[in-house]
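Enquirer: task: produce atomic coordinates for the following.
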Amino acid sequence: MKIHSTVIIEGNITFEGDCEIGPYSVLVGNIKIGDRTVIGSHSRIEGNVLIGNNNFIGPFVYIGGLPQDVSYKNEESAIQIGDNNIIREYVTIHRATGEGKATIVGNNNFIMAYAHLAHNVRLGSNCVIVNAAQLAGYVEVDDHAFISGLVGIHQFTRVGGYSIIGGGVKLSQDALPYMMVAGEPPRVVGLNVVGLRRKKFDSERIRILKKIFQILCRQGLALPDAIERIKADLPATDDVKYILDFISTSRRGILRRSSNDAEEI
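Expert: Model prediction:
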């Protein structure tokens, strides 16, 4: 255990194993920190926060701040962070709105400098959140997603697993799993083939996903008709089931505008 003499600790703070806390950091509240987690200098963690094992939290990070939400009424809420995450300098992660609710970060994520995860965000595992990406309240990001720098994601929007969101995108509709989104206004520019190959997707899985991209984004079909075409033409693999379930549970609508669509007037 290595805790610098300038660290301020107030409340019920539990260290589960060998942790390191840098100079001038502040821990206030009901906080549990897992084994081999490192917290850099000048960081602040407050409220009800559970942090797992082997995380690196850089300097000047703020975890547990009050929600920037007018509906928050000082209820007891929390933040849960899993294992093996890298959270770089000046990242902010806010506690949830709603009694007993939590803002959740999974495992093995890389969250780069100046990113913001607002209240009630649910970030999966094995994701990359690049510098200054801004995730508004209730945003959900599924596993293995890549969100590029300066991306702004509207509240309640979802980002599907294995997708990549290009730099500077303003996303206000759900981004389909496995796809690449870029441009202004944002468009689905294709399947995230490079990313899928890096994740060891075989050629048959990629072939089926390319077909789904064509049906959903290139054939001009109404969404119900596209869904029926997918069900009729493609095998019910786990990938197909995931996409169909993602579509059926959308609250903000699915982004299907394609890069070859005519420009809007």
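Enquirer: what about the helices in this protein?
Expert: Taking DSSP state H, the helices of the chain run over residues 193-198, 203-217, 223-233, 238-248.
Enquirer: now do the second one: which elements does it pack against?
Expert: Applying 3 or more Cβ pairs under 8 Å, 6 or more residues apart in numbering; DSSP states H and E, we find helix 203-217 packed against strand 187-191, helix 193-198, helix 223-233, helix 238-248. Every residue, glycine included, has its C-beta placed from N, CA and C.
Enquirer: ok, now the last one?
Expert: Of the remaining helices and strands, those touching helix 238-248 by 3+ Cβ pairs under 8 Å, 6+ apart are helix 203-217, helix 223-233.
Enquirer: just the third one next, same as before
Expert: Contacting helix 223-233 under the criterion 3+ Cβ pairs under 8 Å, 6+ apart are the following elements: helix 203-217, helix 238-248.
Enquirer: most tightly surrounded among the ones you listed?
Expert: Most buried of the helices and strands packed on helix 223-233, by mean neighbour count (mean count of other Cβ atoms under 10 Å): helix 203-217, with a mean of 18.
Enquirer: pLDDT of it, averaged?
Expert: Averaged across helix 203-217, the pLDDT comes to 98.
Enquirer: ok, back up a step: now distance to Lys2 too, for the helices of the chain, in TSV please.
Expert: Below are the helices of the chain laid out as TSV (distance: least, Cβ to Cβ, whole Å):
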stretch	distance to Lys2
helix 193-198	36
helix 203-217	45
helix 223-233	54
helix 238-248	43
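Enquirer: for Asp143, find the nearest of these.
Expert: Smallest distance to Asp143 across those (Cβ to Cβ): 10.5 Å, for helix 238-248.
Enquirer: now the angle from that closest one to helix 203-217?
Expert: Helix 238-248 runs at 20 degrees relative to helix 203-217, counting by axes from the mean of the first three to the mean of the last three Cα atoms, to 10 degrees.
Enquirer: give me the contacts around helix 238-248.
Expert: 158, 160-161, 174, 176-178, 205, 208-209, 212, 223, 227, 230-231, 234, 254 (Cβ atoms under 8 Å, 6 or more residues apart in numbering).
Enquirer: return the alpha-carbon coordinates of it using PDB.
Expert: Provided in PDB are the C-alpha atoms of helix 238-248 (Å, rounded to 0.1, in the frame of the first residue of the first chain):
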ATOM      1  CA  ASP A 238     -25.800 -14.800 -32.500                       C
ATOM      2  CA  ASP A 239     -24.700 -11.700 -34.500                       C
ATOM      3  CA  VAL A 240     -28.000 -11.600 -36.300                       C
ATOM      4  CA  LYS A 241     -30.000 -12.000 -33.100                       C
ATOM      5  CA  TYR A 242     -28.000  -9.300 -31.400                       C
ATOM      6  CA  ILE A 243     -28.700  -6.800 -34.200                       C
ATOM      7  CA  LEU A 244     -32.400  -7.600 -34.400                       C
ATOM      8  CA  ASP A 245     -32.700  -7.300 -30.600                       C
ATOM      9  CA  PHE A 246     -30.700  -4.000 -30.600                       C
ATOM     10  CA  ILE A 247     -33.200  -2.600 -33.200                       C
ATOM     11  CA  SER A 248     -36.300  -3.800 -31.400                       C
END
